[in-house]
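*Asks:* below are the sequence and a predicted model for it; my questions follow.
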Number of protein chains: 2
Amino acid sequence: MNQLYAPCDLARLGSELLIASGSPAEEAEAVIDHLVESSLMGHDSHGVMRIPEYLELVQQGRIIPAAAIHVRQTSATTAIIDCGSNYGQLGGQRAVTEAVERASQHKMASVVTENCNHVGRLGAYVQAAAEQGMLAIASCNSPIHGHFVLPWGGREGRLATNPLAYGIPTSESPIVADFATSVAPEGKIRYYHNSGQQLPSGWILDADGQPSSDPASFYGPPRGGILPFGGDVGYKGYALGLLAELLGSALVGNEVDNPDNAGNGMCLIVLDPEAFCGIDRFRELASSTSQYMKSSAPAPGHDEVLVPGELEFRSYKLRQQEGIPLDENSRKAIIQHAERLSVQADLLRQGESQP
Amino acid sequence: MNQLYAPCDLARLGSELLIASGSPAEEAEAVIDHLVESSLMGHDSHGVMRIPEYLELVQQGRIIPAAAIHVRQTSATTAIIDCGSNYGQLGGQRAVTEAVERASQHKMASVVTENCNHVGRLGAYVQAAAEQGMLAIASCNSPIHGHFVLPWGGREGRLATNPLAYGIPTSESPIVADFATSVAPEGKIRYYHNSGQQLPSGWILDADGQPSSDPASFYGPPRGGILPFGGDVGYKGYALGLLAELLGSALVGNEVDNPDNAGNGMCLIVLDPEAFCGIDRFRELASSTSQYMKSSAPAPGHDEVLVPGELEFRSYKLRQQEGIPLDENSRKAIIQHAERLSVQADLLRQGESQP
């Protein structure tokens, strides 16, 4: 069982590690706050377990701490955020700031990131915009080396897991949807692989394009591919993944198959409800729409109907109290980085003496 | 087997019928051109078979031919199109005109329709915008009496089939995606029902929330529901359907469950690639992205990988030559309306003497 840690402890340790590896305090805290929040929301794969991976990318020179982020204003409503290979979260957060500012003034805005490392939880950015009263839609692509996802009808990967997300202000917590346009992220397939389990049907094709439940036939060689989401109508998931690709690469002038492209092309479209029915009325109606969804009697096997993000906000509250789980590999990897960077990481060692 | 008719003949007859029931010639032609184009693209359910249905709605006073369409400018980049219960296609086309005009000037625009009858093929609007060099995303909701689609985990319908569409300019035909956020439209279930066939698994739940392949258990009473698309990850399709609902109702100040709401709330978001990498470069990159998708070897059971819209443009060319099929019920219904409106419909009668 994974040890649980207090969010504030992980945040402090994480920030110290990033500062020790070259980030200004403010930037380190912004990145770590994103990772801790992702863990609190239950998105462990985009949470604190990323700390050692990021520190390794810094060592490799692929993340450049403290690099300047440049905003190329391309019109009153649009901008390209050149993240300069700093942490992707800083590019993503800057995208929100720029888009919300433009949308406050012009009622709509769209920004796209480039030279942007892993942005982490895409939902964080639409959530941040929604918490400022904006309706936000986001998509994210990844470069060719992550093209594990099959186009509909194909047996060779042409897309990454290209998530979509949206955030909607309500009278309470925002509605926050955030999901891969593939049926599953690669990380989940790795989990089945590592734990020796068979995959659910409909997740992957092997290299010959045959359905398979064996995660090894995804990894190959020869490599198989992950299916776009949608099952028998997976052409819909494919269409959405393709949209995310076009918004993240073509729109800012990058070639889809250029191996020099790095990181995430995040496109953020922001709309100010003030320009339609007004934010107060919109919040009220978004809340009553949520209630209308939730008023459906549950189907067998479900306790209740939820709206997107509801589960995550529950996890947030629970983990604020109970702590964030950290798997053993990540714990050890963080300790190693702490030793290398001369950062005190005793809090992670406390578990070692326990049974 | 359905009789085939020349597109221009159906267009002329359709226009005459709409003119005879109160539409100015220009409006009649615009509506009928939309329906004929939908049929040509292979979307029969949104094509000329709708003519008798629309004429009936005119008789019932639910479609008001020649009604004025009002544009409420809400900011430089946004507008609400009040369609005044005229044909939905006219509202949809006006939405494109207004959005493209605003986006040409301000690089982005969004418009939402209200009091808008059935807009027909949603893809037509994003296609029209893409043909003018714009990147367009559209969604569409329907009022409560069409809420056949289940929220994820529920057994009572809370959403309509709420389609999404997008259009992307390329160097050739645009990429045009257009699909329901439910696993299937209600019309398809009706088709299985009428022809006595069992449904594919994963399409519907019965009124108790149990999976069923019997279309009768959808219609009830008590009524079952159509599942959101996505299979095991149908919460993704649900999230998209909910987004379409919020964009079509809450954004313009309408309550989700108000039985007085009529027709489609279409939201159209338009973005000018000129504000990013420029339209020429964007076209080139969108085309090379299409080619990259299509370069994937096909999986068994598929001849090739397609991009969204490709099949429709092929159908368009083929049916331009071979004609548009019209089912027997629709043919007879159109003849009846023609008699009522004293419109000459001999071309539809020619089939009657054939074996």
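*Replies:* It's in.

*Asks:* what's the local residue count around the residue nearest to A:Arg331 when sequence neighbours are not counted?
*Replies:* Ranked by CB to CB, 6 or more residues apart in numbering or on different chains and with sequence neighbours excluded, the top spatial neighbour of A:Arg331 is A:Leu348, at 5.5 Å. (Each C-beta comes from the backbone N, C-alpha and C, glycine too.) Applying other CB atoms under 10 Å in any protein chain shown, we find 20 residues neighbouring A:Leu348.

*Asks:* A:Leu348 belongs to a strand, doesn't it?
*Replies:* No - counting by DSSP: H, G, I helix; E, B strand; the rest coil, A:Leu348 falls outside a strand, being helix.

*Asks:* dump the residue contacts of it.
*Replies:* By CB atoms under 8 Å, 6 or more residues apart in numbering or on different chains, the contact set of A:Leu348 is A:5, A:13, A:326, A:331, A:334-335, A:338.

*Asks:* A:Ser217 now?
*Replies:* Each residue near A:Ser217 by CB under 8 Å, 6+ apart is listed here: A:204, A:206-207, A:224.

*Asks:* which element is it on?
*Replies:* Assigned by DSSP states H and E, A:Ser217 belongs to helix A:216-219.

*Asks:* so which bits of that helix are buried?
*Replies:* A:217-219 (16 or more other CB atoms under 10 Å in any protein chain shown).

*Asks:* list phi and psi for the residue sitting nearest the centre point of chain A.
*Replies:* By CA atoms, centre = their mean, chain A has its centre lying nearest to A:Arg121, at 2.3 Å. Backbone torsions for A:Arg121, taken as degrees, to the nearest 10, come to phi -80, psi 110.

*Asks:* one more: A:His118?
*Replies:* Per degrees, to the nearest 10, the backbone of A:His118 is at phi -50, psi 120.

*Asks:* residues in contact with the closest residue to it other than its chain neighbours?
*Replies:* Residue nearest to A:His118 in three dimensions, not counting chain neighbours: A:Gly88, with 4.6 Å by CB to CB, 6+ apart. Residues near A:Gly88 by CB under 8 Å, 6+ apart: A:113, A:116-120, A:263-264.

*Asks:* would you turn those into TSV with neighbour count and secondary structure?
*Replies:* Below are the contacts of A:Gly88 laid out as TSV (neighbours: other CB atoms under 10 Å in any protein chain shown; DSSP: H, G, I helix; E, B strand; the rest coil):
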residue	neighbour count	secondary structure
A:Thr113	28	strand
A:Cys116	29	strand
A:Asn117	27	coil
A:His118	20	coil
A:Val119	27	coil
A:Gly120	25	coil
A:Gly263	24	strand
A:Asn264	28	coil
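
*Asks:* and the strands in chain A?
*Replies:* A:3-5, A:70-75, A:78-82, A:108-114, A:135-141, A:164-168, A:175-179, A:204-205, A:211-212, A:225-226, A:265-271, A:324-326 (DSSP state E).

*Asks:* can you check what angle separates the fourth one from strand B:78-82?
*Replies:* Which is strand A:108-114. 130 degrees (axes from the mean of the first three to the mean of the last three CA atoms, to 10 degrees).

*Asks:* equivalent analysis for the third one, please.
*Replies:* Calculated by the same axes, to 10 degrees, strand A:78-82 forms an angle of 140 degrees with strand B:78-82.
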